[in-house]
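>>> Next comes the sequence, and after it the predicted model I'd like to discuss.
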Amino acid sequence: MPIDLPSHFDSKPAIVIGGTGLGAIDGYTPVAALHPVTPWGKPSSPIFILEHAGVPIAFLARHGLHHQLAPHEVPARANMAALRSIGVRSVIAFSAVGSLREEIKPMDFVVPDQIIDRTKGVRPFTFFEGGVVGHVGFADPFDAGLGRVVERCAAAMKGDGVTLHTAGTVVCMEGPQFSTRAESNMYRAWGGSVINMSALPEAKLAREAELAYQMICMATDYDCWQDSEDVDVAMVMKFMAANSANAKHLVGAVLDELCKLENSDLVLAKHWAGSAQGAVKFMTKPAGRDPEAMKRIEYLFPGFWAE
Ligand SMILES: CSC[C@H]1O[C@H](OP(=O)(O)O)[C@H](O)[C@@H]1O
Ligand SMILES: Nc1ncnc2[nH]cnc12
């Protein structure tokens, strides 16, 4: 992706695609590279604005342009805040995952509906701290409306026997090392379907930022619970090469679908508007509010403190 592009863009991009193994999206022309700086620092990469038939799309590389950020180094707060600040309200996030189920084969895709948090608290995971407290609901961590759109586009995927599974639980582990066999078996016993290192805190921060968020998982291996080969990076990369072609087919179909007028409220995440702001507004009494924390909230939600 070229980076000597204009650094401003006037209209609001509707949708963002983030994730490993998806460095470009065919059929979309890059028109700008944005470099926002947020109160939580800079995002993982420039945010590229791509255009397809007049529709703007924002694209962010989760691990940086050169995959230089380990999962625990991804600046997820800056990523979600920057996306919101440029007008993005819905996020389709791609992720390479290990399969914890026989029936989820390498190269299959999963549209998960649940997460089990196995991160270790070393990643900053909330916008609401340091003098302004808020508690958002997270019972259903993904956006069901976006999930349904992805499911409807399953036919765009190519390959004999490649399946798109329409539900599943992602176990998000800390990494960067892969799991032990005992852990892998425990996650299976817990009901995990797939495993990655990226779903959190991204999904939590998307919820706090009132973004509609759906992850699309691309299976690359059977982790280490099975009798077959244990996961390693070479295996992940081999299947990622195959997966990324399918990811591009799927993403094209999902974007075409989301660009339809009937989906405009979904893309603007109107159903999430006000949900986090309501959870923050009345928690911390004025005497306990920290002015810097208040400014950070104002970055996310301009006009928040104006009564
Ligand atoms: C290279 S294997 C582990 C790595 O792959 C996944 O990254 P992403 O979710 O950005 O596709 C996984 O979460 C780990 O970070
Ligand atoms: N087995 C695995 N564990 C964690 N993250 C992964 N990403 C791809 N495969 C993985």
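Noted; the coordinates are in hand. No experiment lies behind these values; they were computed from the predicted model shown. Numbering: from 1, shown residues only. Ligands and ions are numbered 1, 2, ... in the order given.
>>> Got the phi and psi for Val171?
phi -90, psi 120 (degrees, to the nearest 10).
>>> ok, now Ser95?
Torsion angles, degrees, to the nearest 10, at Ser95: phi -150, psi 140.
>>> what about Gly252, distance to ligand 2?
Distance of Gly252 to ligand 2, computed by CB to the nearest ligand atom, to the nearest Å: 23 Å. From N, CA and C alone the C-beta is placed, and that goes for glycine too.
>>> That residue in helix, strand or coil?
Three-state assignment for Gly252 (DSSP: H, G, I helix; E, B strand; the rest coil): helix.
>>> residues near it, how many?
17 (other CB atoms under 10 Å).
>>> That one against Ala156, yeah?
Yes - judged on CB atoms under 8 Å, Gly252 makes contact with Ala156 at a distance of 6.8 Å.
>>> Can you tell me the SS state at the residue nearest to Met157 when sequence neighbours are not counted?
What sits nearest to Met157 in space, not counting adjacent residues and going by CB to CB, 6 or more residues apart in numbering, is Asn246, at 5.0 Å. The three-state label given to Asn246 by three-state DSSP is helix.
>>> Looking at this structure, which residue is nearest ligand 2?
Gly98 (2.3 Å; CB to the nearest ligand atom).
>>> Name the nearest residue to that residue, sequence neighbours excluded.
In space, Gly98 is closest to Asp223, 3.7 Å off (CB to CB, 6+ apart).
>>> for Thr126, same thing?
Using CB to CB, 6+ apart and skipping residues adjacent in sequence, the residue nearest Thr126 is Glu208, 6.5 Å away.
>>> The one you found - how many residues pack around it?
27.
>>> residues touching it, list them.
Met80, Thr126, Phe127, Phe128, Gly134, Val136, Ala276, Leu300 (CB atoms under 8 Å, 6 or more residues apart in numbering).
>>> And for Gly134?
Gly134 sits next to Thr126, Phe127, Phe128, Glu208, Ala276, Ala279, Val280, Met283 when contact means CB under 8 Å, 6+ apart.
>>> thought the third one was touching Lys281?
No - at 11.0 Å, Phe128 does not count as touching Lys281 under the criterion of CB under 8 Å.
>>> Looking at the two, which is more packed in?
Set side by side, Phe128 and Lys281 show more neighbours around Phe128, with 20 against 15, by other CB under 10 Å.
>>> Mind listing the residues bridging to Ala33?
Beta-bridge partners for Ala33, by DSSP bridges, are Phe48.
>>> Could you verify my assumption that it touches Ser45?
No - using CB under 8 Å, Ala33 makes no contact with Ser45, being 9.0 Å away.
>>> Distance-wise, check Ala279 relative to Trp272.
Distance, Ala279 to Trp272, by CB to CB, to the nearest Å: 11 Å.
>>> go on, Asp113?
Counting by CB to CB - Asp113 and Trp272 are separated by 17 Å.
>>> Fine, thanks again, bye for now.
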